[in-house]
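Participant: for reference, the sequence and a predicted model appear below.
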Amino acid sequence: MRAKNLVPVIILASGLSFPSMSPSAQPSGDRLAEQALKECNLGRLTRDRATRLAHFQQGRILGERAVAAEEGSADAHFSLFCNLGELLRINGESFTSLFGLRRMMTELDRTLEINPAHISALSAKGALLVRLPGLLGGDSEKGERLLQQVITQAPKAVNARLALAKIRCEHGHHQEAVRLAADALAIAKEYQQAEFIPEAEAMLQQARANAVKTKEPRS
């Protein structure tokens, strides 16, 4: 696996504030987690960097409130993980500070501790194991096995297919990457998972171009 560059960036603090509410009027942890995950998905759909950053910052705050309201909720921890992860990679695929990375991984591991069958968290864990260098806990073989497990257990999983397609491309298996990306795009469209469509389209285009460039025979 090629080395990953770890570059420092500044994650801006959000000025978002919330009106005071009585305890009975406070949103539930599940509702806050839902809102946080929505912000994460909206940020993924947005092209403008400043707007993306604002969505992820707001999502982080909502995710933190969800965890505070219901610490035992896997979805609360995952919603926080989602926004922390996007904040870390907003300048590209590079991870930033070790503190930010550890915090993100803590939320992901807590999600799986509460719910070991959380498909989205399993998919994210597999993708991270593949992408992270060994010094930061990466394990490419284990990550690939986990992604394959997710695809088997959840035939509609989109993110796992995209992560595996990227791996196949990096290893020169472009036709397999084409199949995985095409399946991911079809599933995302069928089930209206709009946040994954741009990434699936880009992955499919890249895999097809690589297959043509290397003249890899169709299987």
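Facilitator: Arrived safely, thanks for sending. Quantities reported herein were computed from a predicted structural model and do not represent experimental measurements.

Participant: quick check: longest helix of the protein.
Facilitator: Counting by DSSP state H, the longest helix found in the chain is helix 49-69.

Participant: show residues contacting that helix.
Facilitator: Helix 49-69 is contacted from outside by 12-14, 16, 26-30, 32-33, 35-40, 42-44, 46, 73, 75-77, 79-84, 86-87, 90, 107, using Cβ atoms under 8 Å, 6 or more residues apart in numbering. Every residue, glycine included, has its C-beta placed from N, CA and C.

Participant: if any of those are buried, put those into a PyMOL selection.
Facilitator: Buried subset of the contacts of helix 49-69, written as a PyMOL selection, criterion 16 or more other Cβ atoms under 10 Å:
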select buried, resi 27+29+32+33+35+36+37+38+39+40+42+43+44+73+75+76+77+79+80+81+82+83+84+86+87+90+107
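
Participant: hmm, back to that, what mean pLDDT does the longest helix of the chain get?
Facilitator: Taken as a whole, helix 49-69 has a mean pLDDT of 97.

Participant: then stretch 185-194?
Facilitator: Rounded mean pLDDT across stretch 185-194 is 95.

Participant: just stretch 128-141 next, same as before
Facilitator: The model assigns stretch 128-141 a mean pLDDT of 90.

Participant: look at the nearest residue to Glu107 once chain neighbours are set aside and give its secondary structure.
Facilitator: Leaving aside its chain neighbours, Glu107 sits nearest to Phe81 (3.9 Å; criterion: Cβ to Cβ, 6 or more residues apart in numbering). Put simply, Phe81 is helix when judged by DSSP: H, G, I helix; E, B strand; the rest coil.

Participant: go ahead and confirm Phe81 touches Met104.
Facilitator: Yes: using Cβ atoms under 8 Å, Phe81 is in contact with Met104, at 5.9 Å.

Participant: which secondary structure elements does whatever helix or strand Cys169 lives in contact?
Facilitator: Assigned by DSSP states H and E, Cys169 falls within helix 159-170. Contacts defined by 3 or more Cβ pairs under 8 Å, 6 or more residues apart in numbering; DSSP states H and E place helix 159-170 against helix 119-131, helix 140-153, helix 174-190, helix 197-214.

Participant: out of these, which one sits most buried?
Facilitator: helix 119-131 (a mean of 22; mean count of other Cβ atoms under 10 Å).

Participant: tell me who's in contact with the residue lying closest to Lys156 once chain neighbours are set aside.
Facilitator: Counting by Cβ to Cβ, 6+ apart, Ile187 is the residue found nearest to Lys156 once chain neighbours are left out, at 5.4 Å. Neighbouring residues of Ile187 by Cβ under 8 Å, 6+ apart: Lys156, Ala157, Val158, Arg161, Gln193.

Participant: please repeat the previous calculation with a cut-off of 10 Å.
Facilitator: Each residue near Ile187 by Cβ atoms under 10 Å, 6 or more residues apart in numbering is listed here: Pro155, Lys156, Ala157, Val158, Arg161, Gln193, Phe196, Ala200.

Participant: will you turn these into JSON lines that also has distance to Leu128?
Facilitator: Shown next, in JSON lines, are the contacts of Ile187 (distance: Cβ to Cβ, whole Å):
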{"residue": "Pro155", "distance to Leu128": "22"}
{"residue": "Lys156", "distance to Leu128": "21"}
{"residue": "Ala157", "distance to Leu128": "15"}
{"residue": "Val158", "distance to Leu128": "17"}
{"residue": "Arg161", "distance to Leu128": "16"}
{"residue": "Gln193", "distance to Leu128": "20"}
{"residue": "Phe196", "distance to Leu128": "17"}
{"residue": "Ala200", "distance to Leu128": "19"}
